Every structure is written in C-alpha cells, then in structure tokens.
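[1] Coordinates only, no sequence provided:
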Ligand code: ACM
Ligand code: ZN
C-alpha cells in the first residue's frame, strides 16, 4: 500500500472526513461535479441566512452537534468572498418543499422558494456530514435538485393510551424532522385517557385524564393497578405547535369520536346511550360504549371541545377519528332510534341504519368544522356512509380502499396497517419484541420500504388525491420514549424514503448501504434504535 502524498502542515484531502450526500431519504437528483475541487468546511466558515435566521440557527446547531464546528450565523456577508453556507431564495424551485444544493470549492449554496425548502436542504447537508468531531469536512462538489414525492409525510403518536410529556413529544418531532416528515398526527383522546385541556370543561382533564391501572398483555385479565395520568394544557399544545412549526411540521390533533370515548363518557355520563356510570378505561380493545348520536347535548359538548381545539391548533385539517365505533348501544338506544326516525336515516347496501347514523353524526361535525374553515380527516369508517366527499380518509386498509376512495373524489393518506403500524412486531424472533402487540402481523424494515402507496391503474387526476403516507405508533404497549424509538428506528428511515423519494430512485439494497450513516446520526442525537432488521 503506497501512502498518499501529504505535505506536512498542509491539508491532506485524502485523509479529511468527507461529506456524502447519499443520505436518507435519498435526494432525487445528485450530480457530482468532477471538474471542481471540494469545499472545505471549517470553523471559520459562516452561515449566511438572509432573513431566515431560525433555519440558519438550526443548521448551525446541527453542524456543531455532529462535527464540533461552530459556525457563525449571519444575515449577510461581512466580507467579500466569505467562505460560507449561503441560503438563497429561488422562485424557480417550484415545489414549496423542494431545494437545490450547489457545492463548489468556494462555498455551499442552498436555494429554495420557501423556508421549508431551505430547511430540507439544510437537513440533507447535515445528514451528509461525517458523524465525528473534526476541524475540517471535505464537501464534494455537487449539484442537488430535490423535492418530496408526497406533500403529506406523517407519523401518529398515541398519547391517549400512554401520556408522553412535552419534552418527549419534542424529541419525537426532532425525529420526524430528521426524516423529512412534515406532519405530526397527535392522537389526544382515547378510552384510556383524555389529554387535551378544555377550559370550558375542566372535568375533562380533572377526571378524564386519569385511570386506575393499565391492562398487562391482551385479554388475559391482568392489570398492573398502577394509576396513570397526564394531559396537555393549551399552553403545552401551543408550545408543541410552535416547536413543530419551526421544523416545518404541522400538528394535526385527533379528537376521536363517536367511539374510543370512554374517558369523555366518564366526565359526561349523560351523553352515553345508557347514562353510565362510566370510568376511564383501564384495558385495551374496542369499547361498546360510545357517545349517543340521539342526544343534542352530545353535540353541545363536542362543539365546545372543537371550538377550543380550533382556537389552539391552526392546522387546515382536524382529525375526528371515527374508527371502531360498535353500534350495539345505538341499536338499543331510544334516543338514537328516534334520531334515525326523525332524520329519515335508512340502511343502505351493506350498511345498517346505525352505520348510516354514524354518517349523519360525522356530517354534523364536518359541517361545524367546515364553517370554521377547517377540513376533516378521519379513519376509513367516516367514508362508509358520510354524505360529503370533502373529508379526507386516513386509510389503514389496503390499496383497494385507496383506489375506491380516490375514485369517489376523496383525498387519502395511505396508512395501510400491514406496512405502517409501527407498534406491530418488526421481526419473527419474539425475543426481540420488548412489548408485543399480539394481534399485529410482522412489519419488517424491508416490508415498510416496499410500500407503494399509489395503486396501479389510476388516472393522473385520481393519483392527485393521494396526499401522502403516514406511519403510526399506537401506544397500548409503548409507554416510554425509549420504546417509541425502538419501534420506529430504523423503520422511520424506510418510511421516509416511501414518502419522499421517487420510486425510480428507490432501491432497498442501496438503502441498506446508506442506513449505517443514518444510524450514526441516531447515535449523535441520542436516539435508541433497533439493531436487528428483517
Ligand atoms: C385504528 O387502528 N383503530 C385506527
Ligand atoms: Zn344513543
């Protein structure tokens, strides 16, 4: 082996840590510029960020955390030919989240038409860095042009089954940002806990956020008897929303109705069909007690809740759940039956009149939110009998359901459980599943990667209704941040490439070559991640 020529005291580029732009998710176009020397990123470089000091500061923090290089952040250059990472506004970048990176021996330029694009360009630069302390990084000369495949790139965090403090939610938001994701679907209400402060009805958190214990396992009759509680004040929510927005992430709250509402019924037994008494649930599964659709008071309470949800959350969409609402109580309830009678609700092909009543129920809520300028998104069940096609579907079923929904003109987020439920096992070796969701099929890394969200045979118009893709962290068995990380890392990396990277640029083997560097960035950030993949 011949040592490469290296003149002492002068940089020896062969030995310098090098940046590598083949990150996760893979940028859609990377062109190496062989004719230009690399740029040497050193501590005397600065970040010239124009008026986006926030993104500039986040970039500086990330570079410092990874390499130890402490770059000054400036709005404009303080001298000619300053060696720098420069942000530039470029209206020709048509995707609002797209960006370009140009590196030559003189500097690094990140250009975009919006803050979001500058943010993702910065993230790509950050992930390209060698994850080690150094005083110089050699950044190869490249031209990158990149934009996401889908506009909705989300993760659900279930804070209903187990409460996560704001500091953990912020770490989860950082994890989303690292994977170029832009939506946190925040599951805030469940049978087992109401987590959103409603100022008009303090009982919702005084009573609804506390349970006496948690089921151990699934349906074996064991309970830990350990009280569990927690809720987010409206100020907490605003802090989460602000922190997320700084990272180009929208927070969509979910208030799940009419089912998964035992915690709500524990506070307002009069809006349940039987009148209760109810207590905040201490076990998992689908619960038969749901809110009464025949009682006008139900809608008064729900309007109060949604008024405050809309005051706090600026998101275009509000998620109203709609999943797993058994009709057993509605079938027996005189008020619900009177509603069916009065509204002329009838059974339709394959749907009972009680199922149609859920359509009517959803439509009331939908109209209320639409009047406030919001759109509704919910689980598949809201599509089954709802009158309006204006609400978007979070489709946990397969591609047939996606195709059917878009053919009805509905917007869809693909969330197929067999690829997107990250509470499901990651492999077949049960010793590696710390807390198993026993009903879930195995969702290994390669399976996540293989998801193609757009069904074959759709027209361009139909395809345009597929807003994006989301994965979920359901929380029955995930009661701490460490487990959130074990369940999601590295599956989020595979999901990120489903959401961002064009199919022609995706390749699982190549992804596996790029994954070790992503794992190093998990280590740099202190994120726990699962070593074994399937
Ligand atoms: C769901 O999995 N119940 C949405
Ligand atoms: Zn009823």
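    Yep, it's here. Just so you know, these numbers come straight off a predicted model, no measurement behind them. Ligands and ions are numbered 1, 2, ... in the order given.
[2] Only C-alpha atoms from now on, for both contacts and neighbour counts.
    Fine.
[3] Kindly report the residues of the protein close to ligand 2.
    273, 292, 330, 333, 336 (CA under 5 Å from the ion).
[4] mind listing the strands for the stretch 101-250 of the chain?
    Under the criterion DSSP state E, counting those that start in this stretch, the stretch 101-250 of the chain carries strands at the ranges 107-112, 136-139, 142-146, 152-158, 183-187, 189-190, 193-194, 210-211, 215-216, 222-223, 228-229, 250-254.
[5] who's the most centrally placed residue in the chain bridged to?
    In the chain, the residue lying closest to the centroid (CA atoms, centre = their mean) is residue 155, at 2.2 Å. Listed by DSSP bridges, the beta-bridge partners for residue 155 are residue 184, residue 471.
[6] contacting residues around it?
    Contact analysis of residue 155 by CA atoms under 8 Å, 6 or more residues apart in numbering lists 176, 181, 183-185, 470-473.
[7] same thing but 10 Å
    Each residue near residue 155 by CA atoms under 10 Å, 6 or more residues apart in numbering is listed here: 172-173, 176, 181-186, 415, 420-422, 469-473, 488, 492, 495.
[8] How about residue 453?
    150, 398-399, 402, 413-416, 463, 466-469, 498-499.
[9] Just the ones in helices from those, please.
    Mapping the contacts of residue 453 onto helices (DSSP state H) picks out 399, 402, 463, 498-499.
[10] Can you give me the pLDDT of the closest residue to residue 97 other than its chain neighbours?
    Nearest-residue entry for residue 97: residue 117, 4.3 Å, with adjacent residues in sequence omitted and distances by CA to CA, 6 or more residues apart in numbering. Among the per-residue scores, residue 117 shows a pLDDT of 98.
[11] roughly how far apart are residue 117 and residue 277?
    Going from residue 117 to residue 277 by CA to CA, to the nearest Å gives 52 Å.
[12] Based on its surroundings, how many neighbours for the residue in the stretch 401-534 of the chain positioned nearest to ligand 2?
    Going by CA to the ion, ligand 2 is nearest to residue 476 of the stretch 401-534 of the chain, at 27.8 Å. Around residue 476 there are 24 other residues, counting by other CA atoms under 10 Å.
[13] give the contact list for it.
    By CA under 10 Å, 6+ apart, residue 476 lies in contact with 158-162, 192, 214-218, 283-285, 423, 435-437.
[14] which of those residues are buried?
    158-162, 192, 214-218, 283-284, 423, 435-437 (16 or more other CA atoms under 10 Å).
[15] chain center to stretch 158-175, what's the gap?
    Centroid separation between stretch 158-175 and its chain, computed with CA atoms, centre = their mean, to the nearest Å, is 11 Å.
[16] Then stretch 267-287?
    With CA atoms, centre = their mean, you get 29 Å for stretch 267-287.
[17] what mean pLDDT does that stretch have?
    Computed over stretch 267-287, the average pLDDT equals 98.
[18] My read is that residue 257 contacts residue 326, right?
    No. In this structure, residue 257 is not within contact of residue 326 by CA atoms under 10 Å, at 11.6 Å.
[19] Spit out the residues that contact those two alike.
    Counting by CA under 10 Å, 6+ apart, the shared contacts of residue 257 and residue 326 are residue 290.
[20] Which one of the two is surrounded by more residues?
    Neighbours were tallied for residue 257 and for residue 326 using other CA under 10 Å; the higher tally belongs to residue 257 (25 against 18).
[21] Name the nearest residue to the more buried one, sequence neighbours excluded.
    Nearest residue to residue 257, sequence neighbours excluded (CA to CA, 6+ apart): residue 322, at 5.3 Å.
[22] Tell me who's in contact with residue 249.
    116, 153-154, 173-174, 176-177, 180-184, 241-243.
[23] repeat that with 6 Å
    Residue 249 makes contact with 182-183 under the criterion CA atoms under 6 Å, 6 or more residues apart in numbering.
[24] where does stretch 335-348 sit relative to the chain's centre, distance-wise?
    Chain-centre distance of stretch 335-348: 37 Å, with CA atoms, centre = their mean.
[25] List the contacts of that stretch.
    Looking at what lies outside stretch 335-348 - CA under 6 Å, 6+ apart - the contacts are 293-294, 330, 353.
[26] from the stretch 101-250 of the chain, which residue is nearest to ligand 2?
    For the stretch 101-250 of the chain, CA to the ion, closest residue to ligand 2: residue 191, 17.6 Å.
[27] mind listing what that residue touches?
    By CA under 6 Å, 6+ apart, the contact set of residue 191 is 260-263, 281.
[28] And residue 264, which helix or strand is it part of?
    Counting by DSSP states H and E, the element that carries residue 264 is helix 262-267.
[29] my bad, should have said residue 41
    Assigned by DSSP H and E, residue 41 belongs to strand 39-42.
[30] For that strand, enumerate the helices and strands it packs against.
    strand 136-139 (3 or more CA pairs under 6 Å, 6 or more residues apart in numbering; DSSP states H and E).
[31] Can you give the distance from the strand it packs on to the centre of its chain?
    Mean-position distance between strand 136-139 and its chain equals 33 Å (CA atoms, centre = their mean).
[32] just stretch 415-435 next, same as before
    Put simply, stretch 415-435 sits 18 Å off its chain's centre (CA atoms, centre = their mean).
[33] Could you give the number of residues near residue 400?
    The local packing of residue 400 (other CA under 10 Å) involves 10 other residues.
[34] So which of the contacts of stretch 335-348 sits lowest on pLDDT?
    Lowest pLDDT among the contacts of stretch 335-348: residue 353, 95.
[35] dump the residue contacts of residue 318.
    With CA under 6 Å, 6+ apart, residue 318 has these contacts: 252, 376.
[36] same thing but at 7 Å, please
    For residue 318, the contacting residues are 252-254, 374-377, by CA atoms under 7 Å, 6 or more residues apart in numbering.
[37] Residue 389 too?
    When contacts are counted by CA under 7 Å, 6+ apart, residue 389 touches 409-410.
[38] Could you identify the helix or strand that succeeds the helix or strand containing residue 496?
    If you go by DSSP H and E, residue 496 is part of helix 491-500. Downstream of helix 491-500, the next assigned helix or strand under DSSP H and E is helix 508-525.
[39] Please list the outside residues in contact with that next one.
    Against helix 508-525 from outside (CA under 7 Å, 6+ apart): 22-24, 66, 131, 449.
[40] buried ones in it?
    Within helix 508-525, the residues that count as buried by 16+ other CA under 10 Å are 511, 514-515, 517-522, 525.
[41] the strands in the stretch 301-450 of the chain, which residues?
    317-319, 375-379, 392-395, 412-414.
[42] in its sheet, what does the last one sit against?
    According to DSSP bridges, the neighbouring strands of strand 412-414, each with its direction, are strand 392-395 (parallel), strand 466-473 (parallel).
[43] Break down the stretch 151-300 of the chain into its helices, ranges please.
    With helices called from DSSP state H, counting those that start in this stretch, the stretch 151-300 of the chain shows them at 166-178, 203-206, 234-246, 262-267, 296-312.
[44] would you turn those into JSON lines with mean neighbour count?
    Formatted as JSON lines, the helices of the stretch 151-300 of the chain follow (neighbours: other CA atoms under 10 Å):
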{"stretch": "helix 166-178", "mean neighbour count": "19"}
{"stretch": "helix 203-206", "mean neighbour count": "20"}
{"stretch": "helix 234-246", "mean neighbour count": "17"}
{"stretch": "helix 262-267", "mean neighbour count": "26"}
{"stretch": "helix 296-312", "mean neighbour count": "16"}
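[45] For the stretch 351-500 of the chain, which segments are assigned as helices?
    353-371, 381-385, 399-407, 417-420, 445-449, 460-463, 481-488, 491-500.
[46] can you tell me which of these the model trusts least?
    Taking the mean pLDDT of these, helix 381-385 comes last: a mean of 82.
[47] and that one, what other elements does it pack with?
    When contacts are defined as 3 or more CA pairs under 7 Å, 6 or more residues apart in numbering; DSSP states H and E, helix 381-385 packs onto helix 353-371.
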